[in-house]
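> Next input, structure requested:
(chains A, B, C and D)
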Protein chains: 2
Amino acid sequence: MDSRKKARLTKAGWTTGSTADFLNLSDEESAYIEMKLALSRKLRERRMANKLTQAELADALASSQSRVAKMEAGDPTVSIDLLIKSLLVLGVSKKELARTIS
Amino acid sequence: MDSRKKARLTKAGWTTGSTADFLNLSDEESAYIEMKLALSRKLRERRMANKLTQAELADALASSQSRVAKMEAGDPTVSIDLLIKSLLVLGVSKKELARTIS
DNA sequence: AGAGCGTATGTCAGAAATGACATACAATCA
DNA sequence: TGATTGTATGTCATTTCTGACATACGCTCT
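As a prediction, this is how the structure comes out:
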């Protein structure tokens, strides 16, 4: 598995075609990573729409600027839990979350 | 916040009306808990549809029977990450996950 | 009654995620 | 140029989650 390393490689732009194929990710692993990245993008989108800096959002979340940066970067050390909690604080509804991940 | 205690109380059936109201949960907290419980129910539903025992599912997940039981019980120590990963292993699609949480 | 099966619950050592900090990078000013 | 602002990235101590184990509960048999 070693999905951490895989994610790092993926992030580093080490593929031209399908990352899933190249890294031999299972369907479940692919789906999981796709969901996480979709949530990451949504977070950045929402933060910017609200005209917040990462530091300001971090305050609202009782977190830190560096963690917000990692959330938006899809860092492997960030859980879906944290992404969801953050999006909820930003006022995203369950319905919109659902739309985001599907 | 102390959402652990709140979740335990909720589980213990300590309300007749709205649990959110009674426990002074914020909208975000309510939404988060609702999503978790929806995923819990879906997990049990899928496991049973596949005619698996908790122990058998635990094997498929490289987890343990007790953790599966906790997942299905909506235990506060279970993350949404774990629920999602488990559902994906059970063959649930992103689309169905989305439908579940919304 | 006792045996077997599936599930629930408490505990805990080890693993993973988190906030915080330092620091580097990039862009935009004056 | 240097200063400021926002973001990225690495590290680390603490917190939280996880699998494993023990054990209890409920049910269905014989």
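
> And what about A:Val78, helix, strand or coil?
Put simply, A:Val78 is coil when judged by DSSP: H, G, I helix; E, B strand; the rest coil.

> My guess is it contacts A:Lys70. True?
Yes: contact criterion Cβ atoms under 8 Å: A:Val78 and A:Lys70 qualify, at 5.3 Å. Glycine gets a C-beta too; all of them are placed from N, C-alpha and C.

> who's more crowded, those two?
Neighbour count, other Cβ atoms under 10 Å in any protein chain shown: between A:Val78 and A:Lys70, A:Val78 has more, with 21 against 18.

> Which SSE is immediately downstream of the longest helix out of those in chain A?
Identified as the longest helix of chain A according to DSSP state H is helix A:27-49. As assigned by DSSP states H and E, the chain's next helix or strand after helix A:27-49 is helix A:54-61.

> Buried residues in that next one, which are they?
A:54, A:57-58, A:61 (16 or more other Cβ atoms under 10 Å in any protein chain shown).

> quick one: buried residues of stretch A:88-102?
Buried residues in stretch A:88-102 (16+ other Cβ under 10 Å): A:88-90, A:92, A:94, A:97-98, A:100-102.

> does DNA strand D sit close to that stretch?
No: using Cβ under 7 Å from any atom of the strand, stretch A:88-102 stays clear of DNA strand D, coming no nearer than 14.0 Å.

> May I have that stretch exported as CSV, CA atoms only?
Taking Å, rounded to 0.1, in the frame of the first residue of the first chain, the C-alpha atoms of stretch A:88-102 are listed here in CSV:
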residue,chain,number,x,y,z
LEU,A,88,-18.9,22.8,7.6
VAL,A,89,-17.5,25.7,9.5
LEU,A,90,-17.3,27.6,6.2
GLY,A,91,-21.0,27.1,5.9
VAL,A,92,-21.1,24.3,3.3
SER,A,93,-24.2,22.2,3.6
LYS,A,94,-24.3,18.4,3.7
LYS,A,95,-26.0,18.5,0.3
GLU,A,96,-23.1,20.5,-1.1
LEU,A,97,-20.6,18.2,0.5
ALA,A,98,-22.3,15.3,-1.2
ARG,A,99,-22.2,17.1,-4.5
THR,A,100,-18.5,17.7,-4.0
ILE,A,101,-17.4,14.2,-3.4
SER,A,102,-19.6,12.3,-5.9
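
> now check that stretch, is it near chain B?
Yes: interface with chain B: stretch A:88-102 contributes A:88-89, A:93-95, A:97-99, A:101-102 (Cβ under 8 Å from any Cβ of the partner chain).

> Of these, which fall within the contact range of DNA strand C?
Counting by Cβ under 7 Å from any atom of the strand, no member of the residues of stretch A:88-102 next to chain B reaches DNA strand C.

> I figured A:Asn50 hits A:Val89, correct?
No: contact status for A:Asn50 versus A:Val89: not in contact, 10.7 Å apart, counting by Cβ under 8 Å.

> if we can go back for a sec, most widely separated two among the buried residues of stretch A:88-102?
A:Val89 and A:Ser102 (21.5 Å; Cβ to Cβ).

> Where does the prediction get shaky in chain A?
A:1-23 (pLDDT under 70).
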